[in-house]
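Participant: What follows is a protein structure lacking sequence information:
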């Protein structure tokens with residue numbers, strides 16, 4: 001299943017709105033080209049001023065402060081922020097009018113006896129206060145937006161905005177993140193056939209569905225804390241003919257039994273979590289994984305240990321201006337250390353980049369296998 005799979009929950013924008021979306025896409029691509037040339041600004045206007053600073057945090061902070069105070073770089077940042085806001089405005093004009101139809105679709109699913117999967121929500125689950133206040137990616141209403149028991153809007157925004165965003169970043173569509181990881185598993189452990197799979201922090205289940213379709217005999221579960229995302233994910237999976245069971249749970253403390261999954265995965269989720277939550281997710285992965293099972297956590301290839309002071313500062317934009325609270329935390333975390341602390345033996349694990357089939361993107365993968373015996 002390719003990235004941006006088509007299904008009947010997606011809106012069909014009218015001609016004028018489609019034209020706006022094409023304009024936004026062209027605008028974002030142009031700004032991205034400008035951003036990639038921003039190093040010239042740094043080299044000509046800033047580098048000499050910070051060259052005397054000692055390497056490490058002192059220089060990193062000096063570069064960060066100087067870069068974001070520069071008039072030309074501020075202009076690029078303003079354009080980038082404007083592109084993100086224009087994107088959501090163009091998406092809103094198709095998503096908001098579809099709210100009632102999406103709700104009716106979900107209501108019909110709840111009454112149907114022919115569903116392939118399910119969705120189970122937990123109204124008592126305590127949601128993080130910081131995510132109620134900050135809108136990740138500037139998504140209108142945020143990930144936790146919830147307009148009622150049949151609301152799917154947060155999920156609709158997430159999928160349609162994400163599809164337009166990825167096109168603006170020139171990410172290929174031949175292979176989704178999940179398919180890329182499934183291909184990795186086939187190369188890394190060719191005889192591995194999971195019978196029970198868990199997708200942690202699944203959002204709308206775009207990565208959950210390929211596992212259900214690739215391993216049709218497996219029981220696939222997916223968890224997230226956002227209710228509208230999960231409702232949309234359930235409706236989306238049914239529309240694509242995939243059997244996925246969605247649950248509203250915290251990755252740090254699920255309600256599944258010990259040793260109950262053969263494969264545990266996450267996709268682009270770590271950078272949306274605090275360091276404490278990431279560590280807890282790794283520990284929960286150990287508890288839930290069967291002996292001999294495999295865990296793979298995947299995310300963007302952002303490792304500050306591999307970047308210089310300029311690159312660190314430039315890549316910090318999303319934390320300050322795009323609602324990514326934990327962007328730089330993720331960039332400084334060490335997945336191998338967190339797996340070690342959780343109890344895994346990482347000596348035979350995989351920690352590094354893995355390229356999409358179309359060569360347009362490399363993802364960071366942290367993969368380990370739980371020993372066949374706990375003791």
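Facilitator: Cool, got the structure. On a predicted model such as this, the values are computed, not experimentally measured, just so you know.
Participant: Burial check on residue 74, number of neighbours?
Facilitator: Neighbours of residue 74 under the rule other CB atoms under 10 Å: 12. C-beta coordinates here come from the backbone N, C-alpha and C atoms, glycine included.
Participant: residue contacts, it?
Facilitator: By CB atoms under 8 Å, 6 or more residues apart in numbering, the residues touching residue 74 are residue 68.
Participant: What's the first helix or strand after the host helix or strand of it?
Facilitator: Assigned by DSSP states H and E, residue 74 belongs to helix 71-95. Going down the chain from helix 71-95, the next helix or strand is helix 99-111, by DSSP H and E.
Participant: and that next one, what's its mean pLDDT?
Facilitator: The average pLDDT within helix 99-111 is 94.
Participant: between the helix holding residue 74 and helix 99-111, what angle do the directions make?
Facilitator: Interaxial angle of helix 71-95 relative to helix 99-111 (axes from the mean of the first three to the mean of the last three CA atoms, to 10 degrees): 60 degrees.
Participant: Quick check: buried residues in helix 71-95?
Facilitator: 73, 76-77, 79-80, 83-84, 86-88, 90-95 (16 or more other CB atoms under 10 Å).
Participant: per the record, what domains does the protein have?
Facilitator: 15-116+127-167, 174-309+324-369 (automatic domain parsing).
Participant: Please name whichever of the ones you listed is nearest to residue 9.
Facilitator: Closest to residue 9 of the domains of the chain is domain 174-309+324-369 (CB to CB; 5.6 Å).
Participant: from the chain's centre, how far out does stretch 53-60 sit?
Facilitator: 31 Å (CA atoms, centre = their mean, to the nearest Å).
Participant: Residues contacting it, please?
Facilitator: For stretch 53-60, using CB under 8 Å, 6+ apart, the contacting residues are 50, 62, 309, 312-313.
Participant: helix or strand for the closest residue to residue 210 other than its chain neighbours, which one?
Facilitator: Excluding the flanking residues, the one nearest residue 210 by CB to CB, 6 or more residues apart in numbering is residue 178, at 4.0 Å. If you go by DSSP H and E, residue 178 is part of helix 177-188.
Participant: Can you tell me which residue is spatially central in this structure?
Facilitator: What sits nearest the mean C-alpha location of the chain, by CA atoms, centre = their mean, is residue 268, with 3.1 Å.
Participant: which sections of the stretch 151-300 of the chain are below the confidence cut-off?
Facilitator: 166-173 (pLDDT under 70).
Participant: rerun at 50
Facilitator: 168, 172 (pLDDT under 50).
Participant: Helices along the stretch 251-375 of the chain, start to end?
Facilitator: 275-288, 309-315, 317-321, 327-332, 335-342 (DSSP state H, counting those that start in this stretch).
Participant: mind checking which of these is nearest residue 23?
Facilitator: Per CB to CB, nearest to residue 23 of the helices of the stretch 251-375 of the chain: helix 317-321, 21.5 Å.
Participant: State the mean pLDDT of that closest one.
Facilitator: 95.
Participant: Pull out the buried residues from that helix.
Facilitator: 317-319.
Participant: And for stretch 293-302?
Facilitator: For stretch 293-302, using 16+ other CB under 10 Å, the buried residues are 293-300, 302.
Participant: Quick one: those as CSV, columns for distance to residue 137 too.
Facilitator: Shown next, in CSV, are the buried residues of stretch 293-302 (distance: CB to CB, whole Å):
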residue, distance to residue 137
293, 32
294, 30
295, 26
296, 24
297, 20
298, 18
299, 15
300, 13
302, 15
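Participant: In strands only, show me these.
Facilitator: Among the buried residues of stretch 293-302, the residues falling in strands (DSSP state E) are 293-299.
Participant: so where do the strands sit in this structure?
Facilitator: 118-120, 196-200, 219-224, 244-248, 261-267, 289-299, 350-355, 362-369.
Participant: who does the last one pair up with?
Facilitator: Strand 362-369 has these partner strands in its sheet, going by DSSP bridges: strand 289-299 (antiparallel), strand 350-355 (antiparallel).
Participant: Now do it against helix 275-288, angle only.
Facilitator: Relative orientation of strand 362-369 versus helix 275-288 (the same axes, to 10 degrees): 40 degrees.
Participant: Out of the buried residues of helix 317-321, which is nearest to residue 134?
Facilitator: Among the buried residues of helix 317-321, and counting by CB to CB, the member closest to residue 134 is residue 319, at 10.6 Å.
Participant: I'd like the distance between the closest one and residue 312.
Facilitator: Distance, residue 319 to residue 312, using CB to CB, to the nearest Å: 11 Å.
Participant: Name the residues contacting each of these two.
Facilitator: With CB under 8 Å, 6+ apart as the test, residue 319 and residue 312 both reach residue 328.
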